[in-house]
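# mind folding the following:
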Amino acid sequence: RTPFEISNGAAWTSVAEARRFNQRLDESSPRVKVERIGTSGAKQPLQMVSVGYPEPKPVSEAAKGSVILFNCSIHGDEPSGREGCMQLARDMSTTTNPSWIRLLKETTVLFTTINPDGWQADTRGNAAGIDINRDFLALATPEARALAKVMRDWKPDVLNDLHDFGPREFYDAQVLALWPRNRNVDPQIHALSKTMVNDYSLAQVASDGYTTSIYGQLVKDGVPFQQIAGDGQGRILRNYAGLQHITG
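Numbers count the residues shown, from 1 in each chain. Below is the predicted model of the structure:
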């Protein structure tokens, strides 16, 4: 179990605890491989966990097939994506469910957590105070460069970019999602992304009993009336991924 699970939700997993957890996962299952994809601004290793069956495919083989990428926490003060990724990687490494096994035979699943400095400091930005999620055009940070290289080399078909948010008036659904909104994203990628969000991701969440909405969309009495976030800048990972022909 993850440290978060062991604490029954009382404490988030630390960077050091996550590294130990990943190492144990790697040692306990041939389905899992942990590798270093770069170095943070404060010289911490940037780790990627890959999962496949019976073992993860090498990058050259995986890139020709099916790849799903989870970016688990680009903002250091948004912890729940990291926790979900650790649990999902663990569950994938131990499952005997035939549907999951079939998925892992065909698809390599990657998990990246590229802001350990912000994670450690509980800050949105990296050690230099830069919001990595605004750096996917300039690629000025080592963290953004590492993730851009993963996308270039592994050629993921799907990106799940995970964030946290706080409730506010007219904006209090439990789970929000959005697709690439940059106008230069290929129309088919845009359409597939909207389908994935609305017909699969949020539909599944709603079927599990949670309330859902579109990220940045204010809702009053069940009717959307304003979009306050989720712009189309290419420097944001969600939009950058769409420009790289990745469904997100």
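
# how near is the residue nearest the centre of the chain to Asn184?
The centre of the chain sits closest to Asn71, judged by CA atoms, centre = their mean, with a distance of 2.6 Å. Remark: distance between Asn71 and Asn184 (CB to CB, to the nearest Å) = 21 Å. The C-beta positions use only the backbone N, C-alpha and C, and glycine is treated the same way.

# pLDDT below threshold where in the protein?
Residues of the chain meeting the criterion pLDDT under 70: none.

# so where do the strands sit in it?
32-39, 45-51, 66-71, 107-112, 158-161, 175-177, 212-214, 217-220, 223-227 (DSSP state E).

# could those strands go into CSV alongside distance to Gly81?
Listed next are the strands of the chain as CSV, based on distance: least, CB to CB, whole Å:
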stretch, distance to Gly81
strand 32-39, 17
strand 45-51, 14
strand 66-71, 8
strand 107-112, 10
strand 158-161, 8
strand 175-177, 12
strand 212-214, 16
strand 217-220, 20
strand 223-227, 23
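
# return the residues in contact with the nearest residue to the residue nearest to the centre of the chain once chain neighbours are set aside.
In space, and not counting its chain neighbours, Asn71 is closest to Asp161: 4.7 Å by CB to CB, 6 or more residues apart in numbering. Residues in contact with Asp161, defined by CB atoms under 8 Å, 6 or more residues apart in numbering, are 71, 74, 237-238, 241, 248.

# neighbour-wise, give me the winner out of these.
Ile74 (30 neighbours; other CB atoms under 10 Å).

# burial count for the residue nearest to that one when sequence neighbours are not counted?
Nearest-residue entry for Ile74: Asn133, 4.8 Å, with adjacent residues in sequence omitted and distances by CB to CB, 6+ apart. Neighbourhood size, Asn133 [other CB under 10 Å]: 22.

# the chain should start at 20 in everything you say after this.
Okay, residue one is now 20; in that scheme the one you just asked about reads as Asn152.

# ok, Asn152 touching Ile255?
Yes. In this structure Asn152 lies within contact range of Ile255 using CB atoms under 8 Å: 5.8 Å.

# where helices are concerned, which of the contacts of Asp180 count?
256-257, 260 (DSSP state H).

# list just the nearest of the residues you listed to Pro186.
Nearest to Pro186 among the ones in helices among the contacts of Asp180 is Arg257, at 21.1 Å by CB to CB.

# just to revisit the earlier point, now distance to Ser232 too, for the contacts of Asp180, in CSV please.
What follows is the contacts of Asp180, written out as CSV (distance: CB to CB, whole Å):
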residue, distance to Ser232
Asn90, 21
Ile93, 21
Leu256, 21
Arg257, 16
Ala260, 21
Gly267, 18
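
# farthest pair in those residues?
Farthest apart among those by CB to CB are Ile93 and Gly267. That separation is 12.8 Å.

# circling back to that earlier point, from Asn258, how far off is the residue nearest to Ile93?
10 Å.

# what of Val128?
23 Å.

# and for Phe89?
Taking CB to CB, one finds Phe89 at 18 Å from Asn258.

# got the contact list for Asp154?
If you count contacts by CB under 8 Å, 6+ apart, Asp154 has them with 160, 162-163, 254.

# save these as JSON lines, and put in distance to Ser48 and neighbour count too.
Compiled in JSON lines, those are given as follows (distance: CB to CB, whole Å; neighbours: other CB atoms under 10 Å):
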{"residue": "Thr160", "distance to Ser48": "32", "neighbour count": "23"}
{"residue": "Glu162", "distance to Ser48": "27", "neighbour count": "32"}
{"residue": "Ala163", "distance to Ser48": "30", "neighbour count": "26"}
{"residue": "Arg254", "distance to Ser48": "37", "neighbour count": "16"}
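
# out of those residues, list just those in helices.
Per DSSP H, these map to helices at 162-163.
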